[in-house]
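J.: Sharing a model prediction with you, sequence too.
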Number of protein chains: 2
Amino acid sequence: MSHVTWDINRGMNLPKDAKVANIVINKLVIVGVGLIGGSFALALRKAHLAKHIAGVGRSRQNMHRALKLGVIDEIAGDLPSALKDADIVFLAIPVGQTGEIMAQISPHLEPGTIVTDAGSTKRDVIAAARTHLAEHLENFVPGHPVAGAEQSGAGAANADLFRGKNVVLTPLEETSSEAKKRVTELWQACGARVSLMGAPQHDKVLASVSHLPHVLAFTLMNHISTEHRPEDLLPPDNLPLPNGPLRFAGTGFRDFTRIAGSSPEMWRDICLANREALSRQIDAFQRELADVREMLVREDAEALEKVFANAREARRQWLKSIT
Amino acid sequence: MSHVTWDINRGMNLPKDAKVANIVINKLVIVGVGLIGGSFALALRKAHLAKHIAGVGRSRQNMHRALKLGVIDEIAGDLPSALKDADIVFLAIPVGQTGEIMAQISPHLEPGTIVTDAGSTKRDVIAAARTHLAEHLENFVPGHPVAGAEQSGAGAANADLFRGKNVVLTPLEETSSEAKKRVTELWQACGARVSLMGAPQHDKVLASVSHLPHVLAFTLMNHISTEHRPEDLLPPDNLPLPNGPLRFAGTGFRDFTRIAGSSPEMWRDICLANREALSRQIDAFQRELADVREMLVREDAEALEKVFANAREARRQWLKSIT
């Protein structure tokens, strides 16, 4: 990065290197300038790979904030002008809105424009694309950056959000290798580790490491807050117990339920979008939980310890691998 | 605490106040000088309430460490001499060993010695006491300091571990009000909030806010590490995925499974000791999880969002109440 030119349009440093210049985006369109969309924009800017970034979004306040923070260069007035001459369109919207947005952009998409997305589930996004972007599948690259954060909105965007994080691409058979390569390079420029896999495999893996844990945390929290009747919670001296049983919850409980603080709307949509893989994961989990219950009832200390020890060891190995 | 005397025996500041002096312990015996036992000793020392502390434990190394760190004043050579003239005996041992230890101390207990414990489950501890301390129930105060930490051993002990934490006492009908009062005051002197409740209520509450979450975290971690076959984990380009699905697990998963890093032996014992309340909690949770699965399958967005939103709100209220 020692030889750079100054781009007066936006104050960016653009590298002279022709190979890098090949992947420079003349016009990037971000649909949904929230945490993910905004961070993608900032990361590509930081990598000197986006000359002009147009933002599309519903909240005027958020869009103005994005503009003010330099996340985007322009608030697009309408979709036809936003999509004109676009190199890349990045859909960073709730999965539940994917079909609707695809239907809206489809008539205005130019043939060479690459479309990619950030949806947490992939089979449903692909199904929506087959319906609404049927003429455009060659240039459609389904993707999922596996990076969450508790904040949302353009104000939370940061250029390093994807550094060291996984991005899964689940290309269709129709997806061209050029489009696949282009999107891969962009994510790598954001610092991400890119994996390619089939959409069903993606949805199964994410159901187990993300969607199922969220369902368990939400369900447990809901269970505890609804199960105990007030009269259960009176100690013998009849002093009321503030917060009922939660008064006795500790830091382990706080960490375990942290993901139950996530957006109900977003997780409703993710769970519904991935309901097939997720309900299979729930079934498998229910069977394992029933096994553990059986071990308890028959007082099988050895079997119980084996499950717990295997769990701890698997977690230890995993933590070792990521640190 | 402005008027204090200097105790040359141990370098403690003892308050002159006669009311406080009433609860000063001439001899405290800690059976199991680990995190909990050691922290109780240090907290009472800091509050100037323990003149002499004798430790009983199996690991020579840990006991010497406890002595060196000033957690205890003496490593008891045998139980008869340890229990001689003891005011308070604090059992801070794994729940699975409670019956055995009670049987060992019982023949040497003096009638006026108060016995209390720190077991995570209470009905089983009370059952053990009815068997092994039948002559001593008047001076037995079952207790549970709800304070965990990831470390263990005397080296992890700290005088402030119980500050602001809950301690639940589950006295028997036979327990004298003097013994109850004495133990309550000692825990309050450690900075803890003391609640009194029945043992069945304690075991139910702890099953829901502690034991069930541990079982869920262990079961999930075990499930993920055993469910995916190696061939599931090959992406289309046949590059192996290190760690299988866990490669795609994020910070939410890490927090959710933190408690699956707990001691398998300790949790085996806690779960077995509280197996009745815990298996009822598992049943109730399984019913709620089955309901959520049904909502997914019938695509009931509204019901799903209600569960998630209720969970988030309950957690928000709880966090607000503890901060």
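T.: That came in fine, so what should we check first?
J.: so who does residue A:210 touch?
T.: Contact partners of residue A:210, counting by C-beta atoms under 8 Å, 6 or more residues apart in numbering or on different chains, are A:120, A:146, B:248, B:249, B:250, B:252, B:253. Every C-beta, even on glycine, is put in place using the N, C-alpha and C of the backbone.
J.: out of those residues, which one sits closest to residue A:225?
T.: Nearest to residue A:225 among the contacts of residue A:210: residue B:252, at 20.2 Å, using C-beta to C-beta.
J.: Let me know the helix or strand that that closest one is in.
T.: helix B:251-256 (DSSP states H and E).
J.: Doesn't residue A:313 lie inside a strand?
T.: No: assigned with DSSP: H, G, I helix; E, B strand; the rest coil, residue A:313 falls outside any strand and is helix.
J.: rewinding a little: got the contacts of residue A:210 as JSON lines, with distance to residue B:153, neighbour count and pLDDT columns?
T.: Rendered in JSON lines, the data for the contacts of residue A:210 read as follows (distance: C-beta to C-beta, whole Å; neighbours: other C-beta atoms under 10 Å in any protein chain shown; pLDDT from 0 to 100):
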{"residue": "A:120", "distance to residue B:153": "42", "neighbour count": "25", "pLDDT": "91"}
{"residue": "A:146", "distance to residue B:153": "37", "neighbour count": "22", "pLDDT": "90"}
{"residue": "B:248", "distance to residue B:153": "36", "neighbour count": "22", "pLDDT": "88"}
{"residue": "B:249", "distance to residue B:153": "30", "neighbour count": "25", "pLDDT": "89"}
{"residue": "B:250", "distance to residue B:153": "32", "neighbour count": "19", "pLDDT": "85"}
{"residue": "B:252", "distance to residue B:153": "31", "neighbour count": "19", "pLDDT": "91"}
{"residue": "B:253", "distance to residue B:153": "29", "neighbour count": "25", "pLDDT": "94"}
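J.: ok, so of the residues you listed, who is nearest residue A:96?
T.: For these, the nearest to residue A:96 is residue A:120 (10.7 Å; C-beta to C-beta).
J.: Would you map the strands across the stretch 101-250 of chain A?
T.: Counting by DSSP state E, counting those that start in this stretch, the stretch 101-250 of chain A has strands at residues A:114-117, A:140-141, A:143-146, A:166-169, A:193-196.
J.: name the helices or strands packed onto the shortest one?
T.: Contacts of strand A:140-141 with other secondary structure elements, assessed using 3 or more C-beta pairs under 8 Å, 6 or more residues apart in numbering or on different chains; DSSP states H and E, are made with strand A:114-117, helix A:177-189.
J.: Nearest to chain B, out of these?
T.: Nearest to chain B among the helices and strands packed on strand A:140-141 is helix A:177-189 (10.8 Å), distances taken as C-beta to the nearest C-beta.
J.: and the closest one, which residues are buried?
T.: For helix A:177-189, the neighbour count (16 or more other C-beta atoms under 10 Å in any protein chain shown) marks A:179, A:180, A:182, A:183, A:184, A:186, A:187, A:189 as buried.
J.: want to throw the helices and strands packed on strand A:140-141 into CSV with distance to residue B:193?
T.: Output for these, formatted as CSV (distance: least, C-beta to C-beta, whole Å):
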stretch, distance to residue B:193
strand A:114-117, 50
helix A:177-189, 50
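J.: Switch these over to a markdown table; also include mean pLDDT and distance to residue B:201.
T.: Compiled in a markdown table, the helices and strands packed on strand A:140-141 are given as follows (pLDDT from 0 to 100; distance: least, C-beta to C-beta, whole Å):
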| stretch | mean pLDDT | distance to residue B:201 |
| --- | --- | --- |
| strand A:114-117 | 98 | 50 |
| helix A:177-189 | 96 | 53 |
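J.: Next, count neighbours for residue A:310.
T.: Residue A:310 has 17 neighbours, counted by other C-beta atoms under 10 Å in any protein chain shown.
J.: right, I mislabeled it, should have said residue A:152
T.: Going by other C-beta under 10 Å, the residues that sit close to residue A:152 add up to 15.
J.: Contacts only, for it.
T.: Residues in contact with residue A:152 (C-beta under 8 Å, 6+ apart) are A:34, A:35, A:263.
J.: Now intersect those residues with the strands, please.
T.: Of the positions in those, not one sits in strands, assigned by DSSP state E.
J.: Which members of those residues occur in helices, if any?
T.: residue A:35 (DSSP state H).
J.: Tell me the one of the contacts of residue A:152 nearest residue A:163?
T.: Taking the contacts of residue A:152 together and measuring to residue A:163 by C-beta to C-beta, the closest member is residue A:35, at 14.6 Å.
J.: Count the neighbours of the residue lying closest to the closest one once chain neighbours are set aside for me.
T.: In space, and not counting its chain neighbours, residue A:35 is closest to residue A:156: 4.7 Å by C-beta to C-beta, 6 or more residues apart in numbering or on different chains. Using other C-beta under 10 Å, residue A:156 is surrounded by 15 other residues.
J.: Make a markdown table from the helices and strands packed on strand A:140-141 and add distance to chain B to it.
T.: What follows is the helices and strands packed on strand A:140-141, written out as a markdown table (distance: least, C-beta to the nearest C-beta, whole Å):
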| stretch | distance to chain B |
| --- | --- |
| strand A:114-117 | 17 |
| helix A:177-189 | 11 |
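J.: that older thread, CA atoms only for the helix holding residue B:252, dumped as PDB, please.
T.: This file holds the C-alpha atoms of helix B:251-256, laid out as PDB (Å, rounded to 0.1, in the frame of the first residue of the first chain):
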ATOM      1  CA  THR B 251     -19.500 -15.100  20.900                       C
ATOM      2  CA  GLY B 252     -23.100 -15.800  21.700                       C
ATOM      3  CA  PHE B 253     -22.400 -19.500  21.600                       C
ATOM      4  CA  ARG B 254     -19.300 -19.000  23.700                       C
ATOM      5  CA  ASP B 255     -21.300 -17.300  26.500                       C
ATOM      6  CA  PHE B 256     -24.200 -19.700  26.200                       C
END
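J.: Nice, that's everything, thank you.
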